[in-house]
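Participant: Sequence isn't available, so here's the structure alone:
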């Protein structure tokens with residue numbers, strides 16, 4: 001399993017986390033999908049790149065990431081848009097025993113059906129189940 005070189009997230013996640021104070025939560029680079037630029041004065045040396053659109057963000061992530069590492073894409077609207085563009089090869093989920101009464105869809109509004117193979121990685125942790133699924137490519 002390759003490690004993440006670049007992570008792609010949406011502006012909502014970036015804002016909610018205050019940009020992880022300029023330190024990517026995974027990988028060495030972070031690409032933020034946003035129609036707004038990097039906040040003025042915000043961690044000028046942070047390895048964060050602000051790009052308009054999911055396809056452009058993934059192009060930037062490919063440019064930043066070496067071939068021996070993966071590109072991670074956060075769930076939510078950005079993940080759903082990457083699914084819709086056919087750019088997701090694998091889904092990693094961490095399941096914890098918490099049930100919420102409301103919230104956002106895991107992949108936002110995905111307009112079409114996407115099939116996942118049976119999990120090829122299943123790791124049971126302390127109150128967490130780590131799962132990885134390959135995405136079936138449809139003709």
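Facilitator: Thanks, I have it. The structure presented is a predicted model; accordingly, all values stated were derived computationally and were not measured.
Participant: can I assume residue 19 is in contact with residue 50?
Facilitator: No: using C-beta atoms under 8 Å, residue 19 is not in contact with residue 50, being 10.4 Å away. (Each C-beta comes from the backbone N, C-alpha and C, glycine too.)
Participant: State the phi and psi torsions of the residue of the chain most remote from its centre.
Facilitator: Farthest-out residue of the chain from its mean C-alpha position, per C-alpha atoms, centre = their mean: residue 41, at 25.2 Å. Dihedral angles of residue 41 (phi, psi; degrees, to the nearest 10) stand at phi 80, psi 0.
Participant: so what sits against both of residue 19 and residue 50?
Facilitator: Listed as contacting both residue 19 and residue 50 by C-beta atoms under 8 Å, 6 or more residues apart in numbering are residue 32.
Participant: for residue 60, helix, strand, or coil?
Facilitator: helix (DSSP: H, G, I helix; E, B strand; the rest coil).
Participant: Can you verify my assumption that it contacts residue 51?
Facilitator: Yes: contact criterion C-beta under 8 Å: residue 60 and residue 51 qualify, at 5.2 Å.
Participant: Give me the common contacts of the two.
Facilitator: Here residue 60 and residue 51 have residue 31 as joint contacts, going by C-beta under 8 Å, 6+ apart.
Participant: Okay then, goodbye and thanks.
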